[in-house]
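Engineer: what shape does this take:
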Amino acid sequence: MATCPNCKKKIQEVRFQIVKSRHSFGRDILNSIAHCCPMCDSILSVEVDPIAVKTDTVRELMKRLGR
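Structural biologist: Alright, predicted model coming up:
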């Protein structure tokens with residue numbers, strides 16, 4: 001079973017938070033998901049939110065098409 005690298009407790013589930021992330025080479029800010037330890041709230045990982053990326057892409061495409 002996985003353990004938290006910070007509090008060393010066994011992790012059976014994670015808590016997640018919506019966070020913003022920025023490319024180190026640009027100004028784009030992306031919606032992301034932070035996976036956190038439910039016991040100590042340490043961030044275990046962060047990933048770009050794929051649903052938000054898809055929604056933003058469709059919204060921008062519709063805007064450029066004039067719809």
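Engineer: ranges for the strands of this structure?
Structural biologist: Per DSSP state E, the chain has strands spanning 15-22, 29-36, 43-48. These are given in chain order.
Engineer: of the ones you listed, flag the one that's most buried.
Structural biologist: Neighbour counts (mean count of other C-beta atoms under 10 Å) averaged over each of these peak at strand 29-36, with a mean of 16. Any C-beta I mention is one placed from the backbone N, CA and C, and that applies to glycine too.
Engineer: list of residues touching that one?
Structural biologist: The set of residues external to strand 29-36 that reach it, using C-beta atoms under 8 Å, 6 or more residues apart in numbering, is 14-23, 42-49, 52-53, 56.
Engineer: so how many other residues sit close to Cys37?
Structural biologist: Under the neighbour criterion other C-beta atoms under 10 Å, Cys37 is assigned a count of 20.
Engineer: what sits against it?
Structural biologist: Cys37 sits next to 4, 6-7, 9, 11, 14-15, 44 when contact means C-beta under 8 Å, 6+ apart.
Engineer: and the strands of the chain as JSON lines, adding mean pLDDT?
Structural biologist: Listed next are the strands of the chain as JSON lines, based on pLDDT from 0 to 100:
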{"stretch": "strand 15-22", "mean pLDDT": "91"}
{"stretch": "strand 29-36", "mean pLDDT": "92"}
{"stretch": "strand 43-48", "mean pLDDT": "94"}
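Engineer: nearest to Lys63, of these?
Structural biologist: The stretch from the strands of the chain with the least distance to Lys63 (C-beta to C-beta) is strand 29-36; that distance is 17.5 Å.
Engineer: please identify the pairing partners of the closest one and their relative orientation?
Structural biologist: According to DSSP bridges, strand 29-36 forms sheet pairs with strand 15-22 (antiparallel), strand 43-48 (antiparallel).
Engineer: distance to Asn31 for those strands - can I get that in a markdown table?
Structural biologist: A markdown table is the format used below for those (distance: least, C-beta to C-beta, whole Å):
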| stretch | distance to Asn31 |
| --- | --- |
| strand 15-22 | 6 |
| strand 43-48 | 8 |
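Engineer: okay, Asp28: pLDDT?
Structural biologist: Asp28 is assigned a predicted lDDT (pLDDT) of 79.
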